[in-house]
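Q: can't give you the sequence, but here's the structure:
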């Protein structure tokens, strides 16, 4: 390939090699690291802008810290590509996010430099604080603990819970606030406004630089002068910038803002902070996508652009000229606007995923009725519940794996009160290259056990529209609709919507040999399987349940009375999922059919393309065909033996 590491980077196999460089070489190393990320990601894909924005910070951290003894925690991990390259994974970096390749996020099992596995936001401060407290307990007083967290991730309640604890904990903790005004989409909320005030206050920043020199000289007088220095510093900050003591009110010493692209300044600052005990916060200003002009200009688009021409910036698309089915999330976004135009009660809510979930379509069309509440899934759910108490119908769209963070609110604030909140669970099932932290494996299982909850999954785009139409009927109560990442199966999907009877499945085809029960998009794999075995003289029936709660009991009675061999297929965990619900029904009604469950096994599924992971987990079309044949042959053998 046409990416060869630069003359400095090619000799960096660990942070120890970085320390051999002169400080004057770090700018060149940063340039080479940035170019290497551009070269590889343009060809192989992955997250992009976030890592470009922290190149200098990454170099400075590994130059100053004694990693892995000093513990460095990256929040979310989108920005950790440079970290991976500098810590022994340069030559395997091209396998990033591919099946059996390295993970797109830090993972403890992958490297000793990955001190904490991440993927969801706002965990870094809590984790680093736990490490820091453990070091105090073990007497490791020389050990540094650093959490790098973006200003978007800082909006989550968990980050503030950690700050609240960290300010009073006797530990050596440095929080680096990577402020670029972005998560995937532009950040929102009062914290963003507050950080902007700090970073743009000319009087504060000018006087801070001047007084910093003076205070440094005073501190050299000895320990007796140190207390006076702290008091003067605190007084100056409070005087120069109104409300500047947010972090210091939580007992974190605040430093910054600092230019996050000045590697020499970062090195000096980090060296100084190593000598200061207790909780500290360094405010670093960076530009997401730094060094690649198009990524700097459109940071949302270039968060994870896919494959692209690094010279022209052209993002590569499928060469197919045939019309393609839309993505499920786009069907959701367009349909929600269509429904909201007719139903004034409908509102849209998302926690920091307006473009990913396509709620941005409604935010543009109806800005007073669609809300990005920041990285705050718990708040998103209870905020939706509050709207529902006022006779509104909130469509709360959250990625399935992120909904795990708001499970208490789903039960306590929505289900117990029977509020009409519609949960649209995007990225349900295996999601592909994002891997274990992002697979939506558990929602069918954890939603179906909640009282008052309706749990559904569409097999195609038309079904998604019909379920959304059904969910916005008055007094429907809590209603969950889960759908996968990526394309559907219908080019002609804009069809008139109609209500679906709650708990009513449908028969896809009759059969003679056995029955297949599916729920959701994965049912299309069963359709392919049926076509294959039909050509070989085997004719299974296929039923699309549509609802896992409530179950279509008349349909299941029909199935169990007619078929003694049944296969259930779901793009979700088989532990407690749809197949388990079918087994419970069978036991409750004293049926005795043989039921084989296909779905995500009770193990952690790694990253790879969706088709690869379906096959690996044993529920793609080929796997279903194998199971159909095995059961059909078994039935014929038993018949002959009898």
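A: Alright, I've got the coordinates. All figures in this text were calculated on a predicted structure; none of them were measured in a lab.
Q: Domains of this structure: list them as residue ranges, please.
A: Domain segmentation of the chain under automatic domain parsing yields 9-201+241-297, 202-240, 328-482, 506-641.
Q: Out of those domains, which is the most enclosed?
A: Greatest average neighbour count among those goes to domain 328-482 (a mean of 22), per mean count of other CB atoms under 10 Å. Bear in mind the C-beta positions are built from the backbone N, C-alpha and C, glycine included.
Q: Run through the chain and note the low-pLDDT ranges.
A: For the chain, the stretches flagged by pLDDT under 70 are 1-2, 182-189, 198-245, 318-321, 634-642.
Q: how does it look with 50?
A: 203, 207, 211-213, 215, 240-243, 639-642 (pLDDT under 50).
Q: same for the longest strand seen in it, what does it pack against?
A: Longest among the strand segments of the chain by residue count, using DSSP state E, is strand 565-573. On a contact count with 3 or more CB pairs under 8 Å, 6 or more residues apart in numbering; DSSP states H and E, strand 565-573 meets helix 443-448, strand 515-518, helix 523-534, helix 578-588, strand 594-600, helix 621-641.
Q: Dump these to CSV, plus distance to residue 332.
A: Formatted as CSV, the helices and strands packed on strand 565-573 follow (distance: least, CB to CB, whole Å):
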stretch, distance to residue 332
helix 443-448, 15
strand 515-518, 21
helix 523-534, 18
helix 578-588, 21
strand 594-600, 23
helix 621-641, 25
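Q: Residue 339: which of these is closest?
A: When those are compared by CB to CB, helix 443-448 sits nearest residue 339, at 21.9 Å.
Q: quick one, the longest strand of the chain and helix 578-588 angle?
A: Interaxial angle of strand 565-573 relative to helix 578-588 (axes from the mean of the first three to the mean of the last three CA atoms, to 10 degrees): 140 degrees.
Q: Direction included, what does strand 565-573 pair up with?
A: Using DSSP bridges, strand 565-573 pairs in its sheet with strand 515-518 (parallel), strand 594-600 (parallel).
Q: Include distance to residue 525 when you put these into JSON lines, please.
A: Shown next, in JSON lines, are these (distance: least, CB to CB, whole Å):
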{"stretch": "strand 515-518", "distance to residue 525": "8"}
{"stretch": "strand 594-600", "distance to residue 525": "10"}
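Q: For residue 362, which of the ones you listed is the nearest?
A: With CB to CB as the measure, strand 515-518 is the member of the strands paired with strand 565-573 nearest residue 362 (30.4 Å).
Q: looking at it, residue 296 is touching residue 286, isn't it?
A: No. Contact criterion CB atoms under 8 Å: residue 296 and residue 286 do not qualify, at 10.8 Å.
Q: Can you tell me how far residue 520 is from residue 568?
A: The spacing between residue 520 and residue 568, counted by CB to CB, to the nearest Å, is 12 Å.
Q: quick one: the residue lying closest to residue 164 once chain neighbours are set aside and residue 168, what's the gap?
A: Distances taken as CB to CB, 6 or more residues apart in numbering place residue 250 nearest to residue 164, at 6.2 Å, with adjacent residues excluded. Look at residue 250 and residue 168: by CB to CB, they are 9 Å apart.
Q: helix/strand/coil for residue 135?
A: Following DSSP: H, G, I helix; E, B strand; the rest coil, the label given to residue 135 is helix.
Q: mind starting the numbering at 564 from now?
A: Sure thing, new numbering starts at 564, so read that last one as residue 698.
Q: residues touching the nearest residue to it once chain neighbours are set aside, list them.
A: Setting aside the residues directly before and after it, residue 698 is nearest to residue 706 in space (CB to CB, 6+ apart), at 4.5 Å. The contact partners of residue 706, by CB atoms under 8 Å, 6 or more residues apart in numbering, come to 632, 633, 634, 695, 698, 735.
Q: dump the residue contacts of the residue lying closest to the second one once chain neighbours are set aside.
A: Put plainly, it is residue 633. Excluding its sequence neighbours, the residue lying closest to residue 633 (CB to CB, 6+ apart) is residue 707, at 3.9 Å. Residue 707 sits next to 628, 629, 633, 634, 735, 737, 837 when contact means CB under 8 Å, 6+ apart.
Q: Name the nearest residue to the first one, sequence neighbours excluded.
A: Spatial nearest neighbour of residue 628, excluding adjacent residues (CB to CB, 6+ apart): residue 707 at 5.7 Å.
Q: Relative to residue 893, how far out is that neighbour?
A: 45 Å.
Q: Just the terminal-to-terminal distance for stretch 1153-1160.
A: Start to finish, the residues bounding stretch 1153-1160 are 19 Å apart (CA to CA, to the nearest Å).
Q: Following element in sequence after the helix or strand residue 593 falls within, please.
A: Assigned by DSSP states H and E, residue 593 belongs to helix 589-607. Per DSSP H and E, the first helix or strand lying C-terminal to helix 589-607 is helix 612-616.
Q: For the next helix or strand after that next one, give me every contacting residue.
A: Using DSSP H and E, the helix or strand that directly follows helix 612-616 along the chain is helix 618-627. Applying CB under 8 Å, 6+ apart, the contact partners of helix 618-627 are 578, 581-582, 584, 586, 589, 592-593, 596-597, 600, 630, 635, 645-646, 649-650, 709, 711, 739, 741, 823-826, 829-830, 833-834, 837, 847, 849, 853-854.
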